[in-house]
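Asks: the following block contains a protein sequence and its predicted model.
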Amino acid sequence: MPLDGHIALITGAGQGIGRACSVIFASKGADLVLLDKNSETLSNVAQEVARMGCKVIKHVLDLTNMDELREAVENARKIDLIDILVNNAGFDRPGTTAKIDKKEFEEVLGIHVTVPLTLIQILLPGMREAGWGRIINVSSIYGITGGKGEVAYSTAKAGIIGLTKSVAKECGQDGVTVNVVLPGLTRTPTIETFMDERYKKAIIANTPLGRIAEPEEIARVIAFLASDEASFITGIALPVSGGWGL
Ligand SMILES: NC(=O)c1ccc[n+]([C@@H]2O[C@H](COP(=O)([O-])OP(=O)(O)OC[C@H]3O[C@@H](n4cnc5c(N)ncnc54)[C@H](O)[C@@H]3O)[C@@H](O)[C@H]2O)c1
């Protein structure tokens, strides 16, 4: 199996794209370290992948609590080498430049840029030493197009693209690839619960494939980037958007 013998740390694993990554990575033979702040959904996913034969460690934590994050990941790292990192967790705080709350702006930058940077700082040295590693970050089409009323989210999602390319340049010689996927509209619990139908329809109308993505369609691309099939791809910002953002 393509990810046999590897250990992947996935943030925001409790639902949506993170859950789909967990299941697909497990189906490809990876063992998993799963992080999320929601203990109920995280337990469900951990049980699901364990039933598939995957060795799994789960940590319930708020990723933006840096001390807790460091401790959890340092402990998991002591058990074995984590050689795949999927920086997926995220949340949105909508607002225009006139209305955005500065604290919320910084929270959004924190989860989408500072948390991935921190995890990269912890895990990259081990990957470099091993001569093999995969880092896959999750941005958004808004990271390249911007979004009206999405100033914090778009800024953060552009930031993770810059981080990806910079880290890719740092560690390519050591066998570590670093890529970022840019999903379009994807049917996850947050989108289904909170996004207005009119807004969804407007995005779908601008999506050449004319529909919303399923989380597995994003997760399969992430799993590809984590595999040896993608051994000569690094620093790429890959839209997985059905053509939205062209
Ligand atoms: N769904 C979409 O349409 C879409 C489009 C583009 C990009 N994305 C990006 O894809 C990623 C996943 O999106 P999703 O729709 O699956 O999200 P989601 O909201 O459905 O799930 C996110 C998960 O992350 C966890 N999480 C959030 N903040 C956390 C924190 N501080 N500490 C610990 N866990 C935390 C949540 O508990 C949840 O389980 C995000 O980075 C998102 O910005 C999603």
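Replies: The structure has been received and is ready for your questions.
Asks: is it true that Arg134 touches Val176?
Replies: Yes - if you go by Cβ atoms under 8 Å, Arg134 and Val176 touch, sitting 7.3 Å apart. Glycine gets a C-beta too; all of them are placed from N, C-alpha and C.
Asks: just how off-centre is the longest helix anywhere in the chain within its chain?
Replies: Scanning the chain for the helix with the most residues, using DSSP state H, yields helix 151-171. Chain-centre distance of helix 151-171: 12 Å, with Cα atoms, centre = their mean, to the nearest Å.
Asks: what's the angle between the helix or strand encompassing Leu123 and helix 151-171?
Replies: Remark: Leu123 resides in helix 115-130, with elements defined by DSSP states H and E. Interaxial angle, helix 115-130 versus helix 151-171 (axes from the mean of the first three to the mean of the last three Cα atoms, to 10 degrees): 10 degrees.
Asks: give me the residues contacting helix 115-130.
Replies: Contacts to helix 115-130, defined as Cβ atoms under 8 Å, 6 or more residues apart in numbering, come from residues 9, 11, 63-64, 66, 69-70, 73-74, 77, 81-83, 85, 87, 89, 133-135, 137, 160, 163, 167, 171, 174-176.
Asks: among those, which are in strands?
Replies: If you go by DSSP state E, the contacts of helix 115-130 have 9, 11, 85, 87, 133-135, 137, 176 in strands.
Asks: tell me the pLDDT at the closest residue to Leu81 other than its chain neighbours?
Replies: Excluding the flanking residues, the one nearest Leu81 by Cβ to Cβ, 6 or more residues apart in numbering is Gly126, at 5.3 Å. Listed pLDDT for Gly126 reads 96.
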